[in-house]
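In: Compute the structure for the input listed below.
(one chain, ligands or ions: 1)
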Amino acid sequence: MPATSRYDAVVIGAGIAGSALAIALARGGLEVALVEARPLQRIDLPVELELGAFDQRVSALTPASVRLLEELGAWPLVEAYRHCAYRHMAVWDAEGTGRIEFDCAELQAPVLGHIVENRVVVDSLLAVLDASPAIRQLSTSRLQACERQADGDMLLSLDSGDQLRTSLLVGADGALSRVRELCAFSTREWDYGHAAIVATIQTERPHADTAWQRFLPSGPLAFLPLPGTRETHFSSIVWSLDSPLAEPLVGCSDADFCAELTRASEACLGQVLAVGPRASFPLRQRHARDYIQPGVALVGDAAHTIHPLAGQGINLGLADVAALAGEVRSAAARGLSPGQLEVLARYQRQRKGENLLMMGAMEGFKRLFEQQSLPLRWLRNAGMRGVGGVAPLKRQLMRHAMGIS
Ligand SMILES: Cc1cc2nc3c(=O)[nH]c(=O)nc-3n(C[C@H](O)[C@H](O)[C@H](O)COP(=O)(O)OP(=O)(O)OC[C@H]3O[C@@H](n4cnc5c(N)ncnc54)[C@H](O)[C@@H]3O)c2cc1C
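Out: Next up, the predicted model:
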């Protein structure tokens, strides 16, 4: 019979959301176990500024996400390595004259956000985890089963043979969450019919600290700025397009891909000169109908996955983390157990409406820009010009996208 250890909270999944949550809960005085299927080892991050040295996966972090990472002690490590602040954003319609530009000066803010390689955020959080004695890391371990006990605790079995008991089990185990499945959370999901190609590119012209996004009928194309030198200019791309169109673009030669990308981007940064390794991800929208049960909560992609067109996925996940950790900490101060349903219900109330709103907006954008009919094309172009011309509305949109409203 394996020995069973007890923790105030057990977090399954040490991606960005799970690692951040484990640290936030431990800061609130909880004993935490963090279970991760991969090895939890820090990596030697490459220092060269060259195509192959960047992580293909990057995130556009809002100021609200950066603030949370700062509070957790991870942001100084990201800053000490590398990131790229973006101060402007240009969004335009391939099928018309609609264009809207955002500038941080309009909000008297220093930046709109930061582009950061995902592995850098994960590695920085891992450095903080390593220095947190209240967190037990169980790496290369998968959650296999869980069972609710008569006293309300959850009993967890890992494939390593370890057994854990806890009053709060958190699923931070990504889009294909095992916690969600084992606890039978019901989910609404559908295929966007899109795949996203991600890669690092080198362009002829500098990105001018700007995130560029062009809406094509086949889907949105984003150029996200990366650090570079005076002579070499790098961006990360997220090119979402109808799935049958993505496959040939992943498989074609670098020269053909660069030529296609130059065309698709209307050469907004001049010629695309080179591209690093390409990867593509099928895009599905998923949303758990509830994020909570007695003793169980879902955060991040385990609760919701969203189209990457506004780069909001991990920002929503980090907002979940801040809300759940805040509720658990204030419950502890009132002598309540972290897994109590009333504590978790407060978390769900804070986050579900907000996440649904963002998911609905992304779905609406995607559908609107797919339309070829003339009245709809006119409407969206007029809409872009209209929003751009109404300063308070535009500022409200920017605040929302930056996670500060
Ligand atoms: C192409 C693309 C571009 C994107 N761009 C952006 C962007 O610009 N900005 C943004 O905010 N978001 C972006 N996103 C979304 C963002 O990447 C995700 O929202 C984010 O990575 C989810 O983080 P997470 O910690 O919730 O889950 P994950 O990163 O999926 O982490 C889950 C962890 O759980 C572990 N795990 C899984 N199952 C188990 C188990 N049974 N036991 C133990 N461990 C387990 C996994 O190994 C993994 O480490 C993008 C997504 C895509 C596909």
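In: what separates residue 206 from the ligand, distance-wise?
Out: When distance is defined by Cβ to the nearest ligand atom, to the nearest Å, residue 206 is 20 Å away from the ligand. In this view, the C-beta of every residue, glycine as well, is placed from N, C-alpha and C.
In: All further residue positions should be reported with the first residue as 145.
Out: Got it, the first residue is 145 from now on, which makes the last one we talked about residue 350.
In: I'd assumed residue 371 was in contact with that residue.
Out: No: proximity of residue 350 to residue 371 does not meet the contact threshold set by Cβ atoms under 8 Å, at 11.2 Å.
In: List the buried residues for the strand or helix carrying residue 468?
Out: In the assignment (DSSP states H and E), residue 468 maps to helix 457-477. If you call a residue buried by 16 or more other Cβ atoms under 10 Å, then helix 457-477 has these buried ones: 457-469, 471-473, 475-476.
In: for stretch 421-428, same thing?
Out: By 16+ other Cβ under 10 Å, the buried positions in stretch 421-428 come out as 422, 424, 425, 427.
In: nearest residue to residue 195 other than its sequence neighbours?
Out: Spatial nearest neighbour of residue 195, excluding adjacent residues (Cβ to Cβ, 6 or more residues apart in numbering): residue 420 at 4.2 Å.
In: average pLDDT across the longest strand along the chain?
Out: If you go by DSSP state E, the chain has its longest strand at strand 331-347. With pLDDT averaged residue by residue, strand 331-347 scores 92.
In: Parallel or antiparallel, list what pairs with that strand.
Out: Its sheet considered, strand 331-347 pairs with strand 377-386 (antiparallel), strand 416-419 (antiparallel), strand 423-432 (antiparallel) by DSSP bridges.
In: beta partners for the nearest residue to residue 372 once chain neighbours are set aside?
Out: Among residues not flanking residue 372 along the chain, residue 378 sits closest, at 4.8 Å (Cβ to Cβ, 6+ apart). Judged by DSSP bridges, the bridge partners of residue 378 are residue 346.
In: Pull the distance from stretch 281-294 to the chain's centre.
Out: Relative to the centre of its chain, stretch 281-294 is centred 25 Å away, using Cα atoms, centre = their mean, to the nearest Å.
In: is the ligand contacted by it?
Out: Yes: for stretch 281-294 and the ligand, the contact criterion (Cβ under 6 Å from any ligand atom) is met by 286, 287.
In: For that stretch, the averaged confidence score.
Out: Rounded mean pLDDT across stretch 281-294 is 96.
In: Same check on stretch 303-313?
Out: In this model, stretch 303-313 carries a mean pLDDT of 97.
In: give the contact list for the spatially most central residue of the chain.
Out: Nearest to the centroid of the C-alpha atoms of the chain, with distances taken as Cα atoms, centre = their mean, sits residue 458, at 2.0 Å. Residues in contact with residue 458 (Cβ atoms under 8 Å, 6 or more residues apart in numbering) are 160, 161, 203, 205, 209, 262, 444.
In: what do you get if the cut-off is 10 Å, keeping everything else the same?
Out: Residue 458 makes contact with 159-161, 164, 203-206, 209, 260, 262, 265, 444-445, 452, 465, according to Cβ atoms under 10 Å, 6 or more residues apart in numbering.
In: most surrounded residue in those residues?
Out: Using other Cβ atoms under 10 Å as the neighbour criterion, residue 164 leads the contacts of residue 458 with 33 neighbours.
In: Just to check, that residue is in contact with residue 443?
Out: Yes: with contact defined as Cβ atoms under 10 Å, residue 164 reaches residue 443; the gap is 9.1 Å.
In: Which neighbours do the two have in common?
Out: 155, 316, 461, 462, 464, 465, 469.
In: Tell me which two of those sit farthest apart.
Out: Greatest spatial distance in the shared contacts of residue 164 and residue 443: 155 and 462, 14.1 Å, computed using Cβ to Cβ.
In: Show me which residues of the stretch 245-394 of the chain sit near the ligand.
Out: Counting by Cβ under 6 Å from any ligand atom, the residues of the stretch 245-394 of the chain close to the ligand are 286, 287, 316, 317, 318, 322, 340, 342, 382.
In: The last one touches residue 343, doesn't it?
Out: Yes: the pair residue 382 and residue 343 passes the contact test of Cβ under 10 Å, sitting 9.1 Å apart.
In: Distance check, the residue nearest to the centre of the chain against residue 353.
Out: 21 Å (Cβ to Cβ, to the nearest Å).
In: again, but for residue 470
Out: The value you get for residue 470 to residue 353, if Cβ to Cβ is used, is 33 Å.
In: Equivalent analysis for residue 337, please.
Out: Here the criterion is Cβ to Cβ. By it, residue 337 lies 33 Å from residue 353.
In: For the stretch 395-544 of the chain, which residues are neighbours of the ligand?
Out: Along the stretch 395-544 of the chain, the residues adjacent to the ligand under the rule Cβ under 6 Å from any ligand atom are 425, 444, 445, 452, 455, 456, 457, 458, 459, 461.
In: what about 5 Å?
Out: The stretch 395-544 of the chain comes close to the ligand at residues 425, 444, 445, 452, 455, 457, 458, 459, 461, as judged by Cβ under 5 Å from any ligand atom.
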